[in-house]
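Asks: Here is my input; please provide its structure:
(one chain, ligands or ions: 2)
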Amino acid sequence: MIYIKTNREIEQIRKSSVLLAKTLKEIKENIRVGVKTSVLSKIAEDYILSNGGKPAFKNYRGYPAGICVSLNEVVIHGIPSDTKIKDTDIVSIDAGVNLNGFFSDSAFTFSMPKASEKKKRLVSVTKECLFKAIEKFQVGGKISDISHQIQKHAEANGYSVVRQFVGHGVGIELHEDPQIPNFGKPGRGLVLKPGMIFAIEVMVNMGTWEVEILKDGWTTVTKDNLPSAHFEHTVYLSNKGPEILSQIH
Ligand code: MF3
Ligand code: CO
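Replies: Numbers count the residues shown, from 1 in each chain. Ligands and ions are numbered 1, 2, ... in the order given. The predicted structure follows:
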């Protein structure tokens, strides 16, 4: 079922999203060469808890950490560990907040200074895909208009989109209907209405679209081990159009 959120719910989800945006900013400020990915996760968890929230991913379907940190060929769901950030890495950070029972979900990929130009271009095109997709989240449009936009921009730049994972409704739960694939023909699926809140989630690979999940049951890598980037925002559709909740201006 697809929730149309009430004004009260929207205000709560907005608060959750603002805490998430501040958390992501805090993490970004701590990304540097030599930092263990587990340290970034700890910083995020402490920040969320000290502001009255809970890390929404922790223990979600058994997920063992507070956030996901996915380096280079890791597409999503990288489990924080003793691995240290390198100067040439691209670092995807994905986090979720549960504040008073209301959920938000957002991700970004950060290019370390010495990452190759090829990697940096992948990261900027993936970010463009997210913002172009958000422009398609409009009253009267259809779900697959969002999907199509992501695929079109990624493929026009020579990249591929992940098919096994999707964006989703968010707010009352971490994952709600509908699913929002990163590919497809436009003009299909559900009609977009005011009061919908979606986690629009773009995963773009430099090489093949195919991914595989490692033995830990989470870490998702590209089949060809080429890099992948990830950007995601929690977005509210009002009468006036899409509003990004997980961004502080
Ligand atoms: N943003 C991701 C998603 O929507 C992260 C979930 S990680 C999990 O699926 F651990 F919570 F599953
Ligand atoms: Co998500």
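
Asks: List the contacts of the longest helix that the chain contains.
Replies: Secondary structure of the chain read by DSSP state H shows that its longest helix is helix 7-30. Helix 7-30 has contacts (Cβ atoms under 8 Å, 6 or more residues apart in numbering) with 3, 5, 39-40, 43-44, 47-48, 51-53, 67, 93, 95-106, 108, 110, 170-172, 195, 197, 234, 236, 245-248. In this view, the C-beta of every residue, glycine as well, is placed from N, C-alpha and C.

Asks: so the residue nearest the centre of the chain bridges to which residues?
Replies: Nearest to the mean C-alpha position of the chain, counting by Cα atoms, centre = their mean, stands Glu232 at 3.0 Å. Note on Glu232: beta-bridge partners by DSSP bridges are Ala107, Glu201.

Asks: from here on, count from 17
Replies: Okay, using 17 as the starting number, the last item reads as Glu248.

Asks: Please report the distance of it from Phe119.
Replies: Note on Glu248: its distance to Phe119, by Cβ to Cβ, to the nearest Å, is 13 Å.

Asks: Ile101 now?
Replies: From Ile101 to Phe119 the distance is 28 Å (Cβ to Cβ).

Asks: between those two, which one's more packed in?
Replies: More crowded of Ile101 and Phe119, by other Cβ atoms under 10 Å: Phe119, with 27 against 21.

Asks: what helix or strand is the more buried one on?
Replies: According to DSSP states H and E, Phe119 maps onto strand 118-127.

Asks: likewise Glu228?
Replies: Using DSSP H and E, Glu228 falls within strand 227-229.

Asks: After that strand, which helix or strand is next? Please name it.
Replies: Downstream of strand 227-229, the first helix or strand assigned by DSSP H and E is strand 236-238.

Asks: what is the rounded mean pLDDT of that next one?
Replies: Averaging pLDDT along strand 236-238 gives 98.

Asks: Which strands and helices lie in contact with it?
Replies: strand 90-92, strand 227-229 (3 or more Cβ pairs under 8 Å, 6 or more residues apart in numbering; DSSP states H and E).

Asks: I'd like to know which elements the helix or strand hosting Lys168 is packed against.
Replies: Per DSSP H and E, Lys168 falls inside helix 159-172. Contacts defined by 3+ Cβ pairs under 8 Å, 6+ apart place helix 159-172 against helix 133-151, strand 176-177, strand 192-196, strand 213-221.

Asks: Buried deepest among those, which one?
Replies: For the helices and strands packed on helix 159-172, the largest average neighbour count (mean count of other Cβ atoms under 10 Å) is found in strand 213-221, namely a mean of 28.
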